[in-house]
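A.B. asks: 3D, please:
(2 chains)
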Amino acid sequence: MTRTLDVPEPRVEPPGAPAKKAPRHRRRRRGLVPLIPYLLILPALALLIAVLVWPILQMAWMSLHTYGLRQLRGEPAEWNGFAHYLAILTDERFWTIFRNTIVVCLLMVAITMVLGTLVGILLNKLPKWFSAVVGTALMLAWATPVISAAIVHRWLFDSRYGLANAVLAGMPDWLVGSGWEGFNWFNSPGPLFSVLILTVVWQSFPFVSVSVLAGLKSVPSELYEAARVDGASAWRSFWTVTVPMLRPLFALLLILQIIWDFRIFTQLNILAGGFSNRDVFLLPYYSYQLGFASTPPNYGMGSAIAVVMTVLVLGITAYYLRVMIRQGEIR
Amino acid sequence: MNHRALKLAGRIGQYAAAVAVTVFAVFPVYWVVSTALKPTGEIFTREPTLFPTALTLEHFQRVLSGVLIPGTSFWSFLGNSLLVTVGSVVVSAVFALLAAVAVARFRFSLRGSFIVLLLVIQMVPIEALIISIFVNFYKAGELLSVPLTGSLLGVLVVYITVSLPITILMMRSFVAAVPKELEEAAAIDGADSWTIFWRILMPLVAPGLVAASIFAFITAWNEFVVAFTFLQNNTGSFTLPISLQYYFGRASIEWGSIMAASTLLTIPVMVFFLFVQRRMVSGLTMGAVKG
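C.D. replies: Modelled structure (predicted):
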């Protein structure tokens, strides 16, 4: 276990393990050798602390101070108490954006998980060649850069020349209603968030599907056979065999989806076409707008919202983090 | 008989669903490419054609030869993108490999804390940190009189760091999977640690290194928010993803050009995905399903 790369074994010693153990321990405690792992992690650790850990603290600090352009240029920041937080919590707009963020994120996660799982199960049932074809198609959606995905959906739902409006206008009115010609999808929260959810789900369900497929392949087929012998239906064997076996995988996928969907920025930036329409903001977007797109920039206020976001994300993932950390320490 | 009919119906249903999923997944990608290949007149019609009636490369030519913003070109954006991408892949791969060896092969007192740090850092969205990263980089840049904001250097540093946690965790499992007996045997045969590293460990860890690197490549190649924030006032340093955004800045949107540029941005990622798809799944879901 404690064998290290950097301490070559003396050649003269016989390969008998027990005899070697004691001297090896003594060797490792001498001189520079115990420092080696620290030297190895040093470059990564230094960068992580400078670029990511320090900003976390800085963010918390800024959220409690007046911090704008002047402070950026060197003026000392003034202690602000919890004024930013008070302003947020008493601001109706914040609460609307907060609620929208939660609802949109939940919808994205739920649709992604359900669709992704169903497609994963489907992939497992299809003949190999067919499964490979569908898998490749999924990969295309998954691999598309986020910005391209956002742009093509903006184009598909373009009010004048978009395919979506043309198709909807061509469909019978009793099915989809009328008035689709020239319908603007990007002005109001409902339609815009629908396109946003579609964009995000389109890109993220393939990952869930492929992961579920990998998971399903790892479930021993004897379990399903046993369930079938016992007379269980497909539905029942899904709930009594698949779900328990894949529970850790589902938990992980769920957490990853929450983290990824909570931070949506690029897609919203393209679909909303900038920062002018506050009705369609989500939390990361709001924080960004306060920091970078408002005049004058209010880094303090933006940071306060960022703190709220971070606390939310870490709160949601706390349980999972605990499991991961326990595993990480054991190994 | 009845049972067989039911089974057949189930099979047909599965196939129909599979076709529907395939179309759903491919269609937007198809729409990007087909719009890029349509003549302008055919793009701007009330009733879009599902298949182009004529193909043209005019949009690609426009993108490749045209000037989006004075003093820039597609090639300069491509150059900038390649610089930050290759730079961050190489540096983060080296740093991640070192750290992964430390974590997988040594027991040291900070080991647990280091892994916890990686796991927690991964959860914090960069979108939440972007303001303070920007402020810190601005101040540090002034202190060192190196432009860290408004230059590719700052973006590069962020990309290297952001891809570190996942690459270290991925690499760790690859290093840990190399049997220690191999190294021990080599040591007994008289190999020094340098030889063991290059001749034993590296060849066995190489596939993991490649997978982690491609992961870092895709992250940096597609990244938007950091580049968008840092490079806003320096159009000469634009990377490809943020250059795409500028096609919208015009009075009328040139959808053909956007789609052509979008296609060019997507091709490299698609190619890399072909290589790494499976590893990415196992890399991302690592820790949850297996030990």
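
A.B. asks: Double-check A:Leu271 against A:Val152; I have them as touching.
C.D. replies: No: the pair A:Leu271 / A:Val152 is not scored as a contact, 11.2 Å apart, by CB atoms under 8 Å. All C-beta spots, glycine's among them, are computed from the backbone N, C-alpha and C.

A.B. asks: More neighbours: these two, which one.
C.D. replies: Shown here are A:Leu271 and A:Val152; by other CB atoms under 10 Å in any protein chain shown, A:Val152 has more neighbours (27 against 21).

A.B. asks: Name the next helix or strand following the strand or helix carrying A:Met139 along the chain.
C.D. replies: Element membership for A:Met139, per DSSP states H and E: helix A:128-143. In the C-terminal direction, the helix or strand that comes right after helix A:128-143 (DSSP H and E) is helix A:146-156.

A.B. asks: And for that next one, what's in contact with it?
C.D. replies: Helix A:146-156 has contacts (CB atoms under 8 Å, 6 or more residues apart in numbering or on different chains) with A:141, A:144, A:162-164, A:186, A:195, A:198-199, A:202-203, A:266-267, A:269-271, B:28-29, B:31-32, B:35, B:222, B:224, B:241, B:244-245, B:255, B:258-259, B:262, B:265-266.

A.B. asks: any idea of the mean pLDDT for it?
C.D. replies: Mean pLDDT, helix A:146-156: 96.

A.B. asks: same deal with stretch A:43-56?
C.D. replies: 97.

A.B. asks: repeat for stretch B:154-168
C.D. replies: For stretch B:154-168, the per-residue pLDDT averages 95.

A.B. asks: Also stretch A:235-254?
C.D. replies: Per-residue pLDDT over stretch A:235-254 has a mean of 88.

A.B. asks: Then stretch A:292-306?
C.D. replies: 93.

A.B. asks: Any chance you could give me that stretch in CSV, C-alpha atoms only?
C.D. replies: Extracted as CSV, the C-alpha positions of stretch A:292-306 are listed here (Å, rounded to 0.1, in the frame of the first residue of the first chain):
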residue,chain,number,x,y,z
PHE,A,292,-21.3,43.1,-15.4
ALA,A,293,-24.3,44.5,-17.4
SER,A,294,-25.7,47.2,-15.1
THR,A,295,-24.4,50.7,-14.9
PRO,A,296,-22.7,51.1,-12.6
PRO,A,297,-21.7,47.5,-11.9
ASN,A,298,-22.7,46.4,-8.5
TYR,A,299,-20.3,43.6,-7.7
GLY,A,300,-21.4,43.5,-4.1
MET,A,301,-25.1,42.9,-4.9
GLY,A,302,-24.1,40.4,-7.6
SER,A,303,-22.0,38.5,-5.1
ALA,A,304,-24.8,38.4,-2.6
ILE,A,305,-27.0,36.6,-5.2
ALA,A,306,-24.0,34.4,-6.1
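
A.B. asks: which element follows the strand or helix carrying A:Leu213 toward the C-terminus?
C.D. replies: Assigned by DSSP H and E, A:Leu213 falls within helix A:189-218. Counting by DSSP H and E, the next helix or strand C-terminal to helix A:189-218 is helix A:221-229.

A.B. asks: any idea of the angle that next one forms with helix A:189-218?
C.D. replies: Computed by axes from the mean of the first three to the mean of the last three CA atoms, to 10 degrees, the angle separating helix A:221-229 from helix A:189-218 equals 100 degrees.

A.B. asks: From the contact counts, what lies against the helix ranked longest in chain B?
C.D. replies: Identified as the longest helix of chain B according to DSSP state H is helix B:2-37. Under the contact criterion of 3 or more CB pairs under 8 Å, 6 or more residues apart in numbering or on different chains; DSSP states H and E, helix B:2-37 touches helix A:92-125, helix A:128-143, helix A:146-156, helix A:189-218, helix B:58-65, helix B:255-284.

A.B. asks: which among the contacts of helix A:146-156 end up buried?
C.D. replies: With burial judged by 16 or more other CB atoms under 10 Å in any protein chain shown, the buried subset of the contacts of helix A:146-156 is A:141, A:144, A:162-164, A:186, A:195, A:198-199, A:202-203, A:266-267, A:269-271, B:28-29, B:31-32, B:35, B:222, B:224, B:241, B:244-245, B:255, B:258-259, B:262, B:265-266.

A.B. asks: before we move on, the earlier item: what mean pLDDT does the helix holding A:Leu213 get?
C.D. replies: Mean predicted confidence for helix A:189-218 is 94.

A.B. asks: Contact partners for the residue at minimal distance from the centre of chain A?
C.D. replies: Central residue of chain A (CA atoms, centre = their mean): A:Trp260, 1.8 Å from the mean position. For A:Trp260, the contacting residues are A:Ser204, by CB under 8 Å, 6+ apart.

A.B. asks: sec struct for the closest residue to A:Gly68 other than its chain neighbours, please.
C.D. replies: Nearest residue to A:Gly68 in three dimensions, chain neighbours excluded: A:Pro296, at 5.3 Å (CB to CB, 6 or more residues apart in numbering or on different chains). Using DSSP: H, G, I helix; E, B strand; the rest coil, the structure places A:Pro296 in coil.

A.B. asks: Can you report how many residues lie near A:Pro296?
C.D. replies: Neighbours of A:Pro296 (other CB under 10 Å): 8.

A.B. asks: likewise the one 3 residues further on?
C.D. replies: For A:Tyr299, the tally of surrounding residues (other CB under 10 Å) stands at 28.

A.B. asks: That one and B:Lys139, how far apart?
C.D. replies: With distances taken as CB to CB, to the nearest Å, A:Tyr299 is found 12 Å from B:Lys139.

A.B. asks: Mutual contacts of those two, please.
C.D. replies: Listed as contacting both A:Tyr299 and B:Lys139 by CB under 8 Å, 6+ apart are A:Leu72.

A.B. asks: Can you tell me the element the residue nearest the centre of chain B falls in?
C.D. replies: Centroid-nearest residue in chain B, with CA atoms, centre = their mean: B:Ile218, separated by 1.3 Å. If you go by DSSP H and E, B:Ile218 is part of helix B:202-222.

A.B. asks: Output that helix as PDB, restricted to C-alpha atoms.
C.D. replies: What follows is helix B:202-222, C-alpha atoms only, in PDB (Å, rounded to 0.1, in the frame of the first residue of the first chain):
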ATOM      1  CA  MET B 202       2.700   5.900 -18.400                       C
ATOM      2  CA  PRO B 203       1.800   3.400 -21.100                       C
ATOM      3  CA  LEU B 204      -0.900   1.900 -18.800                       C
ATOM      4  CA  VAL B 205      -2.200   5.300 -17.800                       C
ATOM      5  CA  ALA B 206      -2.000   6.800 -21.300                       C
ATOM      6  CA  PRO B 207      -5.600   6.000 -22.300                       C
ATOM      7  CA  GLY B 208      -6.900   7.700 -19.100                       C
ATOM      8  CA  LEU B 209      -4.700  10.700 -19.800                       C
ATOM      9  CA  VAL B 210      -6.100  10.900 -23.300                       C
ATOM     10  CA  ALA B 211      -9.700  10.600 -22.000                       C
ATOM     11  CA  ALA B 212      -9.200  13.200 -19.400                       C
ATOM     12  CA  SER B 213      -7.400  15.500 -21.900                       C
ATOM     13  CA  ILE B 214     -10.200  15.300 -24.400                       C
ATOM     14  CA  PHE B 215     -12.600  16.100 -21.600                       C
ATOM     15  CA  ALA B 216     -10.600  19.200 -20.800                       C
ATOM     16  CA  PHE B 217     -10.400  20.000 -24.500                       C
ATOM     17  CA  ILE B 218     -14.200  19.900 -24.900                       C
ATOM     18  CA  THR B 219     -14.700  22.000 -21.800                       C
ATOM     19  CA  ALA B 220     -12.300  24.700 -23.000                       C
ATOM     20  CA  TRP B 221     -13.400  24.600 -26.600                       C
ATOM     21  CA  ASN B 222     -17.100  25.100 -25.700                       C
END
